[in-house]
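K.L.:
this one's structure only:
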């Protein structure tokens, strides 16, 4: 019987130490998040890595930021310019004569609409260019 009580005491001590360690680890992580809120623990969360929380707008893209987006085993370098767009820094250069720039802002639903609009026309690129030229000549 003496050996059974020793085993019971050992199991109780081990369980008590493990259960005491869990709240201490939770407190340590809470303190870490309070003192270092910008640290991304996961490294793959796109919203907190490439965006900043804004109380009015919600999540806004970081400006002048370069990072590596990792997902599903792929790593892609991403650069966001001074406007938070994933485009080159020379966005404000003057247009060459006779050239047009088209910028489309939106998410996947807008891009799908534009793609479908172009694809449904007989010759999508010609259709779009003819409308742009007509608009420019007016």
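P.N.:
Yes, it's here. Bear in mind the structure is a predicted one, so any value in this text is a computation, not a measurement.

K.L.:
got the phi and psi for residue 22?
P.N.:
Main-chain torsions, residue 22, degrees, to the nearest 10: phi -60, psi -50.

K.L.:
please apply the same query to residue 15.
P.N.:
phi -60, psi -40.

K.L.:
quick one, what contacts it?
P.N.:
By C-beta atoms under 8 Å, 6 or more residues apart in numbering, the contact set of residue 15 is empty. From N, CA and C alone the C-beta is placed, and that goes for glycine too.

K.L.:
if I look at it, how far off is residue 22?
P.N.:
In this view, residue 15 and residue 22 are 11 Å apart by C-beta to C-beta, to the nearest Å.

K.L.:
and the helices in the chain?
P.N.:
Assigned by DSSP state H, the chain shows helices spanning 2-35, 46-50, 108-120, 124-137.

K.L.:
would you confirm that residue 59 contacts residue 53?
P.N.:
Yes: Residue 59 is in contact with residue 53 according to C-beta atoms under 8 Å; the separation is 5.9 Å.

K.L.:
quick one, domains of this protein?
P.N.:
Listed domain ranges for the chain are 1-39, 40-88, 94-138 (source: automatic domain parsing).

K.L.:
avg pLDDT for the last one?
P.N.:
Pointing back at domain 94-138 there. What domain 94-138 shows for mean pLDDT is 66.

K.L.:
what does the second one give?
P.N.:
Averaged across domain 40-88, pLDDT comes to 77.

K.L.:
neighbours of residue 22, how many?
P.N.:
9 (other C-beta atoms under 10 Å).

K.L.:
could you do the one 10 residues further on as well?
P.N.:
Residue 32: 12 surrounding residues under other C-beta under 10 Å.

K.L.:
which residues touch residue 89?
P.N.:
By C-beta under 8 Å, 6+ apart, the neighbours of residue 89 are 81-82.

K.L.:
now it: phi and psi?
P.N.:
phi -80, psi -20.

K.L.:
that one and residue 65, how far apart?
P.N.:
12 Å.

K.L.:
over to residue 99?
P.N.:
Counting by C-beta to C-beta, the gap from residue 99 to residue 65 is 29 Å.

K.L.:
right, I'll call it a day here.
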